[in-house]
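> coords please:
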Amino acid sequence: MEKEEKRISHQFFRIASQFSEMERKTQLSLEDETFVYAEMTLVKIIKEQPNIHVTAIAEKLGITKGAVSQMAKKLERKGVLWKEKDEENQSRVFLRLTEKGERLYQVHGAYHRELDDFVKETLAQASEENKQFLLAFLDRLEKHILQIHIQ
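I've put the predicted structure just below:
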């Protein structure tokens, strides 16, 4: 059994490495502009959480407010978003998508749907018990990786 556990661990690291490389290389073009994965992720967050502010985005992504602000400036120059001051808290800024940002969200969504469809198809024959085990395993793995990353 130890051999299978080692194989699972090694395969997981290979897959994680491949995802990391894919994320690093992923680019999308829209209207003569190129967008990297991190920019598309920011667009996705803004679209799916309309009243999210820069600080909350930074916390969600585990990066600094400065990094979010820099990326937002870049996306603003590319015509993807605009900034709106929070009327209740003038030090807080909301990020809003332009029409171009909405189109980028749609195009990027197709990438996510492809992976979602693969997972759905792959798990279609799995029992509910197996799905729950896999979900629990992935949750524990994610928490473990975050603990390692923090230390």
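> how much space between the closest residue in space to I46 that isn't next to it in sequence and Y111?
Excluding its sequence neighbours, the residue lying closest to I46 (C-beta to C-beta, 6 or more residues apart in numbering) is L95, at 4.9 Å. To be clear about C-beta, it is placed using only N, CA and C from the backbone, and glycine gets the same treatment. L95 is 21 Å from Y111, where distance means C-beta to C-beta, to the nearest Å.
> those two: which has the busier surroundings?
L95 (27 against 13; other C-beta atoms under 10 Å).
> ok but that one is inside a strand, no?
Yes. L95: assigned to a strand according to DSSP: H, G, I helix; E, B strand; the rest coil.
> for it, give me the pLDDT.
L95 is assigned a predicted lDDT (pLDDT) of 89.
> and K60, which of the three is it?
Assignment for K60 (three-state DSSP): helix.
> mean pLDDT per helix and strand in this structure: which one sits at the bottom?
When the helices and strands of the chain are scored by mean pLDDT, DSSP states H and E, strand 27-30 comes last with a mean of 70.
> tell me the mean pLDDT for the next helix-or-strand element following it?
Downstream of strand 27-30, the first helix or strand assigned by DSSP states H and E is strand 33-36. Average pLDDT, strand 33-36: 84.
> same thing with stretch 59-73?
Stretch 59-73 shows a mean pLDDT of 90.
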